[in-house]
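Participant: What would the 3D arrangement of this be:
(one chain, ligands or ions: 1)
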Amino acid sequence: MERFDVVVVGAGFSGLYLIQKLRDLGFSVLVVEAASGVGGTWYWNAYPGARCDVESFDYCYSFSPEIEAEWDWSERYPSQPELLRYLNFVADRLNLRPHIRFDTRVTSATWNAEDACWTVGCDRGEPVVCRHFILAGGAISVPKPPEIDGIENFLGPTYHTGNWPHVPVDFTGQRVAIIGTGSSGVQTSTAIVDQVAALTIFQRTPNYTAPLINYPLEPGAMDAFRGIAAARHEKSRHSRQGIPYDFPTRSAFDVSDDEREAVYSHAWENSHLFALRLTFRDLLTDEAANETVAEFVRGKIREIVSDPVVAEKLTPRSYPFSTKRPCIGRGYYEMFNRDHVRLVDLNETPILRMTLAGIETSEGEMPFDAVIFATGFDALTGAAGRIDIAGCDGQMLRSKWAGGPETYLGLMSSGFPNLFLITGPGSPGPLTAMVKSIEQHVDWIADCLVWMRDKGFTSIDPVVEYESAWMAHVQEVADGTLYPRANSWYVGANVPGKPRRFMPYLGGLGVYRAKCDAVAQAGYEGFEFV
Ligand code: NAP
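Facilitator: Numbers count the residues shown, from 1 in each chain. Take a look at the predicted model:
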């Protein structure tokens with residue numbers, strides 16, 4: 001069997017940086033990737049309108065002077081095609097492809113305690129053996145289909161936004177249904193609304209959507225960015241959310257009602273996704289403060305949507321603002337004023353089944369030419385869950401996590417030595433600009449592997465008491481906020497049967513980074529080495 005120091009699952013942002021970093025440090029690395037190309041999330045989510053809601057300057061690598069010098073972003077927010085071009089550019093410029101096995105899915109990984117190595121099985125080819133095994137398959141990467149009877153009956157095409165075909169899909173003149181109104185549904189619907197003959201949006205929970213203020217970058221913008229990039233990245237690394245904006249110090253009640261309204265209006269009209277969230281410090285910790293911003297968005301919906309009945313259906317009331325990830329989409333609420341757009345509130349009009357011709361609801365059958373599922377992901381644990389991972393004494397990771405994921409620092413899980421997670425449960429990843437979190441994890445893991453190599457250690461495993469304490473801390477921090485009140489994918493509520501537990505670490509990226517660094521400096525406190 002072929003042997004590597006490190007085998008990595010996934011050739012997205014994490015996998016590509018892992019190759020570069022570990023190869024430079026003298027480790028042999030194999031990345032196994034199910035897709036035919038690099039990109040990870042940005043490979044699979046090729047749906048119309050897919051765009052990152054973090055600015056280009058913050059959603060890019062900061063480790064490579066060559067990449068920074070040679071790559072020019074074209075827009076404030078990068079589109080999916082541009083991100084895919086960027087990651088392909090990185091793969092070519094740094095010559096990473098020779099380390100990637102494409103069109104291959106990892107199916108199993110078995111720990112061999114005697115040799116301190118993992119045997120990694122794939123859906124094609126021979127198994128490979130490695131000392132360290134890194135799950136970099138993405139925190140939000142396993143598409144979750146909707147629980148609807150008879151999907152297979154429908155004669156027209158169905159699509160999931162998270163597994164979109166890599167050939168053009170033309171909806172011109174078609175009657176299209178979209179199920180799901182999270183970020184993917186908002187982006188898809190606003191992208192295809194001009195193309196289709198009729199668009200029907202099936203909504204289970206209304207979202208808070210802010211307008212996308214995107215624009216082409218002016219000539220000279222890239223040079224200006226390069227001039228301050230190092231400082232911008234450094235600020236982001238130590239920020240709460242991996243973006244270079246200060247966390248507010250004022251309470252929503254430190255200002256008058258008029259001033260608060262003006263602050264929200266400014267954020268709504270001029271700024272980035274996080275702008276509304278970053279107006280006052282207590283929006284995610286104080287219900288009354290949150291209600292001020294929630295009511296501001298509700299007012300915008302009433303202002304924009306001309307039919308008050310539709311406006312009310314679109315109005316989120318059942319959970320605090322931003323406790324589910326808010327969406328951005330230019331013209332989302334405006335779209336519902338158009339004659340060919342219809343909103344179906346699934347709480348009033350549930351779907352009974354899919355039929356040969358379309359969707360049958362409690363009010364009758366609706367014919368469609370195509371149906372799009374924008375129904376989200378089995379987030380944070382889904383990617384690990386579909387690999388048969390057997391650790392010490394044959395314990396399966398999915399059995400250990402049956403009651404919810406258990407990790408130390410979101411980086412490792414006790415009983416699974418030399419198995420690392422990138423932006424896994426218990427880390428702040430999904431609540432930050434992901435690339436900053438990815439770089440922090442890759443750097444920490446790389447330092448750890450070098451340290452082990454220098455000390456002659458062959459395996460590392462977290463101490464179970466440290467792991468339990470970390471998960472209790474993750475929960476305690478979450479409980480100090482309003483986040484657990486929403487039925488979000490952060491708590492696994494979107495996947496039937498998934499145990500409810502707040503999975504990301506809410507302490508902030510900067511605080512988390514300091515904790516991880518302190519653990520390393522203390523000789524990897526909380527880990528056992530052999
Ligand atoms: P999502 O936020 O989980 O939204 C899924 C939508 O589908 C929700 O409206 C959900 O309703 C609905 N849904 C799920 N199952 C359903 C069912 N059986 N019947 C009817 N409706 C159902 O998923 P997403 O929009 O793909 O986004 C996931 C995450 O990916 C985002 O939160 C974000 O972190 C990331 N993302 C980012 C961008 C960006 O950068 N712009 C774009 C896309 C995605 P409920 O709310 O009731 O569960």
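
Participant: ok, how many other residues are close to V32?
Facilitator: Using other C-beta atoms under 10 Å, V32 is surrounded by 24 other residues. In this view, the C-beta of every residue, glycine as well, is placed from N, C-alpha and C.

Participant: Surely it touches V7?
Facilitator: Yes: contact criterion C-beta atoms under 8 Å: V32 and V7 qualify, at 6.6 Å.

Participant: who touches both of the two?
Facilitator: Residues touching both V32 and V7 by C-beta atoms under 8 Å, 6 or more residues apart in numbering: V106, V120.

Participant: buried set for stretch 492-508?
Facilitator: G492, N494, V495, K498, R501, F502, M503, P504, Y505, L506, G507, G508 (16 or more other C-beta atoms under 10 Å).

Participant: could I get those residues as JSON lines with pLDDT and secondary structure?
Facilitator: JSON lines is the format used below for the buried residues of stretch 492-508 (pLDDT from 0 to 100; DSSP: H, G, I helix; E, B strand; the rest coil):
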{"residue": "G492", "pLDDT": "96", "secondary structure": "coil"}
{"residue": "N494", "pLDDT": "96", "secondary structure": "coil"}
{"residue": "V495", "pLDDT": "96", "secondary structure": "coil"}
{"residue": "K498", "pLDDT": "96", "secondary structure": "coil"}
{"residue": "R501", "pLDDT": "94", "secondary structure": "coil"}
{"residue": "F502", "pLDDT": "96", "secondary structure": "coil"}
{"residue": "M503", "pLDDT": "97", "secondary structure": "coil"}
{"residue": "P504", "pLDDT": "97", "secondary structure": "coil"}
{"residue": "Y505", "pLDDT": "98", "secondary structure": "coil"}
{"residue": "L506", "pLDDT": "97", "secondary structure": "coil"}
{"residue": "G507", "pLDDT": "97", "secondary structure": "coil"}
{"residue": "G508", "pLDDT": "97", "secondary structure": "coil"}
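
Participant: Excluding residues flanking it in the chain, which one is nearest the closest residue to the ligand within the stretch 151-300 of the chain?
Facilitator: Nearest residue of the stretch 151-300 of the chain to the ligand (C-beta to the nearest ligand atom) works out as G182 at 2.2 Å. Leaving aside its chain neighbours, G182 sits nearest to G376 (5.7 Å; criterion: C-beta to C-beta, 6 or more residues apart in numbering).

Participant: Show the contacting residues for that neighbour.
Facilitator: G376 sits next to P143, K144, G162, G180, G182, S184, W489, N494 when contact means C-beta under 8 Å, 6+ apart.

Participant: distance of it from G424?
Facilitator: 18 Å (C-beta to C-beta, to the nearest Å).

Participant: before we move on, the earlier item: with the contacts of G376 in mind, which one is nearest to D24?
Facilitator: G162 (32.4 Å; C-beta to C-beta).

Participant: separation between the residue lying closest to that closest one once chain neighbours are set aside and the ligand?
Facilitator: In space, G162 comes closest to P143 once its chain neighbours are excluded; the distance is 3.7 Å by C-beta to C-beta, 6+ apart. Distance of P143 to the ligand, given as C-beta to the nearest ligand atom, to the nearest Å: 8 Å.

Participant: What's the biggest helix in the protein, counting residues?
Facilitator: Counting by DSSP state H, the longest helix found in the chain is helix 434-455.

Participant: buried ones in it?
Facilitator: Buried residues in helix 434-455 (16+ other C-beta under 10 Å): 434-449, 452.

Participant: What pLDDT does the model give H272?
Facilitator: pLDDT recorded at H272 is 65.

Participant: cool, L212 as well?
Facilitator: So, for L212, pLDDT stands at 87.

Participant: ok, it - how many residues close by?
Facilitator: 21.

Participant: wait, it sits on R51?
Facilitator: Yes: between L212 and R51 there is a contact under C-beta under 8 Å: 7.4 Å.

Participant: where do the contact lists of those two overlap?
Facilitator: Y77.

Participant: Might one say that L155 is in contact with L356?
Facilitator: Yes: judged on C-beta under 8 Å, L155 makes contact with L356 at a distance of 5.2 Å.

Participant: and this protein, which residues reach the ligand?
Facilitator: 51-53, 140, 146-147, 161, 179-185, 187, 202, 204-205, 325, 346, 374-377, 489, 494 (C-beta under 6 Å from any ligand atom).

Participant: now, which of those lie within strands?
Facilitator: Judged by DSSP state E, the subset of those located in strands is I179, F202.

Participant: can I get the CA coordinates of stretch 179-195 in PDB?
Facilitator: Extracted as PDB, the C-alpha positions of stretch 179-195 are listed here (Å, rounded to 0.1, in the frame of the first residue of the first chain):
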ATOM      1  CA  ILE A 179     -37.900  25.000  -2.000                       C
ATOM      2  CA  GLY A 180     -35.900  26.700   0.700                       C
ATOM      3  CA  THR A 181     -35.200  30.400   1.500                       C
ATOM      4  CA  GLY A 182     -31.700  30.400   3.100                       C
ATOM      5  CA  SER A 183     -28.700  32.000   1.500                       C
ATOM      6  CA  SER A 184     -28.700  29.600  -1.500                       C
ATOM      7  CA  GLY A 185     -32.400  30.000  -2.100                       C
ATOM      8  CA  VAL A 186     -32.300  33.800  -2.000                       C
ATOM      9  CA  GLN A 187     -29.300  33.900  -4.400                       C
ATOM     10  CA  THR A 188     -30.800  31.400  -6.800                       C
ATOM     11  CA  SER A 189     -34.200  33.000  -6.900                       C
ATOM     12  CA  THR A 190     -32.900  36.500  -7.500                       C
ATOM     13  CA  ALA A 191     -30.600  35.200 -10.200                       C
ATOM     14  CA  ILE A 192     -33.200  33.400 -12.300                       C
ATOM     15  CA  VAL A 193     -36.300  35.500 -11.700                       C
ATOM     16  CA  ASP A 194     -35.800  37.500 -14.900                       C
ATOM     17  CA  GLN A 195     -35.400  34.300 -16.900                       C
END
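
Participant: quick one: average pLDDT of that stretch?
Facilitator: What stretch 179-195 shows for mean pLDDT is 98.

Participant: Show me how far it is from its chain's centre.
Facilitator: 18 Å (C-alpha atoms, centre = their mean, to the nearest Å).

Participant: In it, which residues are buried?
Facilitator: Applying a neighbour-count criterion of 16+ other C-beta under 10 Å, the buried positions in stretch 179-195 are 179-193.

Participant: Next: stretch 152-169.
Facilitator: Buried, per 16+ other C-beta under 10 Å, within stretch 152-169: F154, G156, T158, Y159, H160, T161, G162, W164.

Participant: Tell me which residues touch the spatially most central residue of the chain, please.
Facilitator: Nearest to the mean C-alpha position of the chain, by C-alpha atoms, centre = their mean, lies I140 at 4.4 Å. I140 sits next to T41, F377, A379, L380, P430, W489 when contact means C-beta under 8 Å, 6+ apart.

Participant: what's the lowest-pLDDT member of these?
Facilitator: Among the contacts of I140, P430 has the weakest pLDDT, 92.

Participant: Let me see the contact set for that residue.
Facilitator: Contact analysis of P430 by C-beta under 8 Å, 6+ apart lists A139, I140, A379, L380, T423, Y490, P504.
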